[in-house]
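1. Compute the structure for the input listed below.
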Amino acid sequence: MNLRLRQMPQDIQGLIQQQAGFISRTQLPSGAIPWYQGGITDPWDHIECAIALDLSGRFNEAARAYLWLRDVQNPDGSWWFSYLDDQPQDFTRDTNHSSYLAVGLWYHYLATGDIDFIAQMWPTVERGISFTLGLQQPTGEIYWARDKANVAYPIALLAASSCIWQSLRCGIKIAHLLGLNMPEWEAASWRLSQAINKQPELFHNSEDKKYDYAMSWYYPVLTGVVKGKRAQECIYSQWVDFIIDNWGCKCVVEAPWWVTVAETCELVLALTRISEHDKARLLLDWIFKLQDSDGRFWTGMKIPEEKEWPPGQKPAWTSAAVIMAVI
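-> You can find the predicted model right below:
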C-alpha cells in the first residue's frame, strides 16, 4: 500500500469545533442527541456524541446528554434500543447500550475532573452494567439483547462483547474513583476476555476468525481486549478484505461495497493502538472525500458507484467519530 499522505486540513481544532457544532445543534432540549434533526436517538451513538462533545470542550452539552440517559433509564437498568423525540420506538434492550454509559462517564471525568457529577451518575452506571451482566453466560460471552417480551436473544456478538469489556473496565475505574470495589465486575470482565481471546466459536459468525463485518474485525483491537502481537495479526489478517484504497473501510466484506466514515475512523483508533500510525494517517486522509460542502460527513459511499449512502444522511455520530479520530 502507498502510504504517502495528501494534505489534511491544517486547522484540526477548527475541524473539531465544526463537527462538535453540528452535534450541539442536533441535541434536543431534553439532552438527547438524535442521529440528525427529526431522526431517532439510540443510546450507544448518543454516548459517542457525548464523548465527542467532551473532547471538544463542550462539557455542559455532554453533561446534559448523560442526564438524559439517567432520566429515561428503565427500572431494570436498560434503555430501549431507540427513541424518537424522547419516546421509545424499538423496545429491544441491548446489553452493549446498557453498559456503554461507563465509557462515556469515564471520559467525562478525564475531561472535566468533575467527581461530583460522576458520583451523581453512579447509580445509573451500576444499574446499566447489572442489566448487561444478567445476560452473561457461564462460558463468559454476553448475549446481545432482550426483546419486548423479555426473552433473551441467544446470540453473542463479538464487536458488542468487546465494547462491553471496555465498559466493564471503565466501570471498574469509576468505582475505584468513588472508593468502591466491584469484584463481580472484575470476574465478569475476566470471563468475557477469556471468551473473546480463546473461544471465538462462542460468538456469532466468528468461528474461523474470518469476519464478514468490519466491526467484528477491528473492535477487539480498538477496545483493548485483544492486545500485542495477536492484535497486530488480527488487523493484518483481513486488511485486504476490508480496505478499499483511496476510500477507506468497508462495512461488510461482500458486495455491494459500502465504505463508511465512522468505521474508517474507528479503524484509525484501532491502528493507533498497534502503533500503525502511517496507515492511520492515510485512512484519515481518505475520509475527506466524504465531506460535503456544508462541512458535514456523509455516512458512507457506495463503491464503485461513488454515490453517498444512505442518500442525504449525515449523522451526528459520524461527526463524533471524526472528532475521536483526529483529536
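2. quick one: the most centrally placed residue in the chain from residue 239, how far?
-> By C-alpha atoms, centre = their mean, the chain has its centre lying nearest to residue 48, at 6.1 Å. Counting by C-beta to C-beta, to the nearest Å, the gap from residue 48 to residue 239 is 24 Å. Placement of C-beta: from N, CA and C, glycine included.
3. Now stretch 49-59: buried residues?
-> Buried positions in stretch 49-59, judged by neighbour count with 16 or more other C-beta atoms under 10 Å: 49-56, 58.
4. how far does that stretch sit from the chain's center?
-> Chain-centre distance of stretch 49-59: 14 Å, with C-alpha atoms, centre = their mean, to the nearest Å.
5. And the contacts of that stretch?
-> 16-17, 19-20, 23-24, 26-27, 33, 61-62, 65-66, 103-104, 107-108, 111-112, 114, 316-317, 319-321, 323-324, 327 (C-beta atoms under 8 Å, 6 or more residues apart in numbering).
6. residues in contact with stretch 167-174?
-> By C-beta under 8 Å, 6+ apart, stretch 167-174 touches 96, 99-103, 105-106, 109, 118, 122, 125-126, 129, 132, 182, 185-186, 188-189, 192, 224.
7. What about those residues, which are in helices?
-> If you go by DSSP state H, the contacts of stretch 167-174 have 96, 99, 101-103, 105-106, 109, 118, 122, 125-126, 129, 132, 185-186, 188-189, 192 in helices.
8. Would you mind measuring from residue 79 to residue 172?
-> Residue 79 sits at a distance of 21 Å from residue 172 (criterion: C-beta to C-beta).
9. These two: who's more crowded?
-> Taking other C-beta atoms under 10 Å, residue 79 and residue 172 do not tie; residue 79 has more neighbours (25 against 21).
10. Model confidence for that one, exactly?
-> Confidence at residue 79, expressed as pLDDT, is 99.
11. Pull the number of nearby residues for the closest residue to it other than its chain neighbours.
-> Spatial nearest neighbour of residue 79, excluding adjacent residues (C-beta to C-beta, 6 or more residues apart in numbering): residue 43 at 4.4 Å. Residues lying near residue 43 (other C-beta under 10 Å) number 27.
12. Please list all residues in contact with the nearest residue to residue 118 once chain neighbours are set aside.
-> Leaving aside its sequence neighbours, residue 118 sits nearest to residue 109 (C-beta to C-beta, 6+ apart; 5.1 Å). Going by C-beta under 8 Å, 6+ apart, residue 109 touches 115, 117-118, 174, 177.
13. swap in residue 155?
-> So residue 155 contacts 143-144, 204 (C-beta under 8 Å, 6+ apart).
14. Tell me the most packed of the residues you listed, by neighbour count.
-> residue 144 (23 neighbours).
15. wait, it sits on residue 92?
-> No. Look at residue 144 against residue 92 with C-beta atoms under 8 Å: they stay out of range, at 9.1 Å.
16. ok, which stretches of the stretch 151-300 of the chain are strands?
-> Along the stretch 151-300 of the chain, counting by DSSP state E, counting those that start in this stretch, strands occupy 152-153, 243-244, 248-249, 257-260, 300-303.
17. could you redo those as TSV and give each row distance to residue 291 and mean pLDDT?
-> Converted to TSV, the strands of the stretch 151-300 of the chain look like this (distance: least, C-beta to C-beta, whole Å; pLDDT from 0 to 100):
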stretch	distance to residue 291	mean pLDDT
strand 152-153	37	98
strand 243-244	17	98
strand 248-249	12	98
strand 257-260	13	95
strand 300-303	11	96
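18. export those strands to a markdown table and tack on mean neighbour count and distance to residue 215?
-> Shown next, in a markdown table, are those (neighbours: other C-beta atoms under 10 Å; distance: least, C-beta to C-beta, whole Å):
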| stretch | mean neighbour count | distance to residue 215 |
| --- | --- | --- |
| strand 152-153 | 16 | 17 |
| strand 243-244 | 19 | 14 |
| strand 248-249 | 28 | 10 |
| strand 257-260 | 22 | 10 |
| strand 300-303 | 20 | 13 |
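19. Using JSON lines, lay out those together with distance to residue 168.
-> What follows is the strands of the stretch 151-300 of the chain, written out as JSON lines (distance: least, C-beta to C-beta, whole Å):
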{"stretch": "strand 152-153", "distance to residue 168": "19"}
{"stretch": "strand 243-244", "distance to residue 168": "30"}
{"stretch": "strand 248-249", "distance to residue 168": "26"}
{"stretch": "strand 257-260", "distance to residue 168": "27"}
{"stretch": "strand 300-303", "distance to residue 168": "30"}
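20. Nearest to residue 162 among these would be which one?
-> Residue 162 lies closest, by C-beta to C-beta, to one member of the strands of the stretch 151-300 of the chain: strand 248-249, at 16.4 Å.
21. what residues does the closest one touch?
-> Outside strand 248-249, the residues within contact range by C-beta under 8 Å, 6+ apart are 214, 218, 242-243, 259-261, 263-264, 267, 283, 286-287, 290.
22. What pairs with that strand, parallel or antiparallel?
-> strand 243-244 (antiparallel) (DSSP bridges).
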